[in-house]
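Trainee: I would like the atomic coordinates for the input below:
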Amino acid sequence: MEYDVHRDKTVEKRPPIAIDANHFDKLSALSLLTRGPIMEVCEYLREELDRAHVLPAEKLRPDIVSLGSQVEFREEQTGTVQEIILVYPLDADITRRRVSVLTPIGAALLGLSVNQTISFHTGAGEKRELTVLKVRRAV
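Mentor: Below is the predicted model of the structure:
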């Protein structure tokens, strides 16, 4: 499923987010990929990084989604609850619920904290909203 990053920002929930400074440069470099099917996700990730508060790792609260976080979230339209581990693209493995930050869901969850909701639209124009329920560091 493709996701459209050109959204109507007036109807979207885009709560404040925080990013671990140790990951910021690598994520910024990943967001500059501008070819192929992930181009739109890279643009969305770049937008998220531009608005993020960048903090030293030791100041990032444990309830904030970062790379390596195990995240339980709810898709608001269906009520479906899922649990994933947010990872870099090379570590992604959907059979182990390891979701890349270069997927629409991964990019959307990055930097959110418990009880925050973010929304975006799919390529088909469908609005999706995700709410973070739990965050912990994956073992």
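Trainee: which residues of this structure fall in helices?
Mentor: Remark: helices assigned in the chain by DSSP state H are 21-31, 39-51, 104-109.
Trainee: for the longest one, packing partners?
Mentor: So the one you mean is helix 39-51. strand 3-4, helix 21-31, helix 104-109 (3 or more CB pairs under 8 Å, 6 or more residues apart in numbering; DSSP states H and E). For the C-beta atoms, the positions are set from N, CA and C on the backbone; glycine is no exception.
Trainee: Mean neighbour count, mean pLDDT and distance to Leu49 added to those, as CSV?
Mentor: As requested, the helices and strands packed on helix 39-51 are exported to CSV (neighbours: other CB atoms under 10 Å; pLDDT from 0 to 100; distance: least, CB to CB, whole Å):
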stretch, mean neighbour count, mean pLDDT, distance to Leu49
strand 3-4, 18, 41, 17
helix 21-31, 16, 92, 6
helix 104-109, 25, 91, 9
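Trainee: want to try JSON lines for these, with distance to Cys42 as columns?
Mentor: Below are those laid out as JSON lines (distance: least, CB to CB, whole Å):
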{"stretch": "strand 3-4", "distance to Cys42": "12"}
{"stretch": "helix 21-31", "distance to Cys42": "5"}
{"stretch": "helix 104-109", "distance to Cys42": "9"}
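Trainee: Provide the count of other residues in contact range of the closest residue to Gly111 other than its chain neighbours.
Mentor: Nearest non-adjacent residue to Gly111, counting by CB to CB, 6 or more residues apart in numbering: Ile17, 2.9 Å away. Residues within reach of Ile17, counting by other CB atoms under 10 Å, total 20.
Trainee: and Ile17, what does it touch?
Mentor: 48, 51-53, 64, 110-112 (CB atoms under 8 Å, 6 or more residues apart in numbering).
Trainee: which residues of the chain score low on pLDDT?
Mentor: Along the chain, the parts satisfying pLDDT under 70 run over 1-12, 34, 121-125, 139.
Trainee: now the strands for it?
Mentor: Assigned by DSSP state E, the strands in the chain fall at 3-4, 18-20, 53-55, 69-75, 81-87, 98-100, 117-122, 127-137.
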